[in-house]
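S.K.: missing the sequence, but the structure's below:
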């Protein structure tokens, strides 16, 4: 499988709110970040929660966000970041 993104790519997390077992936090949807690591291919936990075991694997990325991006009222240092592991189907190119 070819990865859609590489380390250093700027992304936006899809702003979607489907029902069910979702591993992408609400507070980060629609926010901009940067790929810091490609973690590999794994079974999609959203499909596994539905009992679907043979779905194609999805690439998982580590994405870094500025704290102010996640929480606009954040009052800490500008350099503070938040790293989250997010599956490829939740990411869009910026």
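M.R.: Looks like it came in fine. Everything numeric in this text was worked out from a predicted model, so none of it was measured.
S.K.: Need phi/psi at the nearest residue to residue 21 once chain neighbours are set aside.
M.R.: Once flanking residues are discounted, residue 21 sits nearest to residue 49: 3.4 Å by C-beta to C-beta, 6 or more residues apart in numbering. For glycine as for every other residue, the C-beta is placed from the backbone atoms N, C-alpha and C. The phi and psi torsions at residue 49 (degrees, to the nearest 10) take the values phi -60, psi -20.
S.K.: Hmm, residue 49 is touching residue 23, no?
M.R.: No - judged on C-beta atoms under 8 Å, residue 49 makes no contact with residue 23 at a distance of 9.2 Å.
S.K.: and the gap between the residue nearest to residue 21 and residue 67?
M.R.: Using C-beta to C-beta, to the nearest Å, one gets 29 Å for the distance from residue 49 to residue 67.
S.K.: ok, those two, which is more surrounded?
M.R.: residue 67 (16 against 12; other C-beta atoms under 10 Å).
S.K.: So that one is in contact with residue 75, correct?
M.R.: No - judged on C-beta under 8 Å, residue 67 makes no contact with residue 75 at a distance of 9.4 Å.
S.K.: intersection of neighbour lists for the two?
M.R.: Overlap between the neighbourhoods of residue 67 and residue 75 is empty, taking contacts as C-beta atoms under 8 Å, 6 or more residues apart in numbering.
S.K.: ok, the most far-flung residue of the chain relative to its centre - contacts?
M.R.: Among the C-alpha atoms of the chain, the one most distant from their mean position (C-alpha atoms, centre = their mean) is that of residue 75, at 23.8 Å. For residue 75, the contact set (C-beta under 8 Å, 6+ apart) is empty.
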